[in-house]
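Novice: give me the fold of what follows.
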Amino acid sequence: MAIDNQQEDTMKISVLASGSTGNVTYIETPKRKILVDAGLSGKKIAGLMQSIGRDLNDVDSLLVTHEHSDHCKGVGVLARKYQLDVYANKGTWGAMAHKIGKVPVEQKHIFEMGKTMSFGDLDIESFGVSHDAVEPQFYQIHHNGHAFVILTDTGYVSEGVEGVIKNADGYLLECNHDVEMLRMGGYPWPLKQRILSDRGHLSNDDGATALMDILGRNTKKIYLGHLSQDNNVKELAHLTVASTMEQHDFGVGHDFNIFDTDPNKATKLTII
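Specialist: Numbers count the residues shown, from 1 in each chain. Below you'll find the model as predicted:
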């Protein structure tokens, strides 16, 4: 009986959507069900939840990383319709206020950067990143000795961040663009400069390099996230990361598994 209880005391995740059009991640433990970001309409998020056999009515908390619409579009609707407690830092609350509409004051909570908050059987640690938002922060979620990191919008991964997120069991890590596709593509030059800057987004090569510095013995699952629909393709991102891993003698499919994400389709609900 004890073994069954141990098996049930797990953290499961599904990347409901990831990409430049919208980002939502679902995390559950025996006591809590949370979302990180809500960058799609409430209707779309509800449908994605149903696709993994879960119901938005059972979610209790929503954490927001920053105020860009592909991360906060559905925050207000979900808060009002499902009475969710919403957590973000002061800068993000101020910057997204005009985008999300009124949220009941009792549902608004401050999650300060660099702090850890407890949510039932979850401990969630926030950390700041380099992105062109007011006060962008991402999260490392801890449960029962396991950790899952979400990091999808940053121009680079600093040594300080690496120290915080090193050797997690699972990562949702940005592989936003292929540099040559971006440079040769149709985006205006100022937008290309923004994406390529230290306050923009990680390329496939950047994501692979960052992984080399944070992977550890505990790491088993890597999700490649926030792929640009115009400047990347899943196969290229996957190949870039897998090749880099193999060059450093990591066995893809043996030491760990790499999973693709999608802007319109949820990944399978999986134990971390």
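Novice: return the list of helices and strands in contact with the helix or strand that contains K43.
Specialist: Per DSSP states H and E, K43 falls inside helix 42-51. Other helices and strands packing on helix 42-51, by 3 or more Cβ pairs under 8 Å, 6 or more residues apart in numbering; DSSP states H and E, are strand 12-17, strand 24-28, helix 75-82. (C-beta placed from N, C-alpha, C; glycine too.)
Novice: contacts for that helix, please.
Specialist: 16-17, 22, 24, 26, 35, 38, 40, 55-56, 59, 74, 77-78, 81, 265-266 (Cβ atoms under 8 Å, 6 or more residues apart in numbering).
Novice: thinking again about what came up before, can you redo the helices and strands packed on helix 42-51 as CSV with mean neighbour count?
Specialist: Below are the helices and strands packed on helix 42-51 laid out as CSV (neighbours: other Cβ atoms under 10 Å):
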stretch, mean neighbour count
strand 12-17, 25
strand 24-28, 25
helix 75-82, 20
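Novice: minimum distance to P190: which of these has it?
Specialist: Closest approach to P190 among the helices and strands packed on helix 42-51 is made by strand 12-17 (27.2 Å; Cβ to Cβ).
Novice: how far off centre is the closest one?
Specialist: Computed by Cα atoms, centre = their mean, to the nearest Å, the separation of strand 12-17 from the middle of its chain amounts to 9 Å.
Novice: strands paired with it, and their directions?
Specialist: Strand 12-17 pairs in its sheet with strand 24-28 (antiparallel), strand 270-271 (antiparallel), by DSSP bridges.
Novice: any chance of these in a markdown table, plus distance to H201 and mean pLDDT?
Specialist: A markdown table is the format used below for the strands paired with strand 12-17 (distance: least, Cβ to Cβ, whole Å; pLDDT from 0 to 100):
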| stretch | distance to H201 | mean pLDDT |
| --- | --- | --- |
| strand 24-28 | 17 | 98 |
| strand 270-271 | 25 | 96 |
